[in-house]
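J.: Sequence plus predicted model, see below.
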Amino acid sequence: MCNGTSLEYSAMAVVFYNGRILVTWENIFGNVVLSLPKGHIERGETAVDAAIRECFEETNVKVMPTEVITELSSFEIKFTTPSGKDVRKVITPILFETKYKGNPQPLENRILKVEYMHVNDFFNNCSYDNVKQTVTSALKFFN
């Protein structure tokens, strides 16, 4: 930590099923955003472990280590919480391709909706450019 900024590490699950991407509609500080499942990497966890856990905790979709395609390039975001805390977060996206749709549904209060979405719809609705860039990188593994 430096200058009162908190440094956090998170993992993001980039999950494809049958050509569609698993997305979350979330309430973030009062704004509804479209993004992907993600969350903190806990002590002793790898980014893959955290992505698998967070995906299930947020979406009820269980992906497996055997479904990992690759770790994508990490990116950093900076934001200030409503309480005034400055946060610098490094996010490591993990790309999965699953053969099992599961039963996608929100499992956390801030998650409003979970669905598999056509990639074009994702690009038209995603709230974050860095997440769009991550999915663009992910798609290269399917061509």
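T.: Alright, I've got the coordinates. Numbers count the residues shown, from 1 in each chain.

J.: So what's the residue count around Gly120?
T.: In this structure residue 120 is Asn, not Gly. Neighbour count for Asn120, taken as other C-beta atoms under 10 Å: 8. All C-beta atoms are positioned from the backbone trio N, CA, C, and that covers glycine.

J.: Now it: which helix or strand?
T.: Per DSSP states H and E: Asn120 is located in helix 119-125.

J.: looking just at contacts, which helices and strands does that helix meet?
T.: strand 20-28, helix 129-139 (3 or more C-beta pairs under 8 Å, 6 or more residues apart in numbering; DSSP states H and E).

J.: Could you pull out the buried residues of it?
T.: 119, 122 (16 or more other C-beta atoms under 10 Å).

J.: which secondary element of the chain has the worst mean pLDDT?
T.: When each helix and strand of the chain is scored by mean pLDDT, DSSP states H and E, strand 75-80 comes last, with a mean of 89.

J.: Just give me how far the host helix or strand of Leu95 sits from the chain centre.
T.: Assigned by DSSP H and E, Leu95 falls within strand 86-98. The chain centre lies 6 Å from the centre of strand 86-98; the measure is C-alpha atoms, centre = their mean, to the nearest Å.

J.: Give the pairing partners of that strand; include direction for each.
T.: Partner strands and pairing direction for strand 86-98 (DSSP bridges) are strand 5-17 (parallel), strand 68-71 (antiparallel), strand 75-80 (antiparallel).

J.: circling back: convert the C-alpha atoms of the helix holding Asn120 to CSV, please.
T.: Taking C-alpha atoms only, helix 119-125 is exported to CSV below (Å, rounded to 0.1, in the frame of the first residue of the first chain):
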residue,chain,number,x,y,z
VAL,A,119,-20.8,-12.2,-27.7
ASN,A,120,-22.1,-9.4,-29.9
ASP,A,121,-24.7,-8.5,-27.3
PHE,A,122,-21.9,-8.6,-24.6
PHE,A,123,-19.8,-6.1,-26.6
ASN,A,124,-22.9,-3.9,-27.1
ASN,A,125,-23.8,-3.9,-23.4
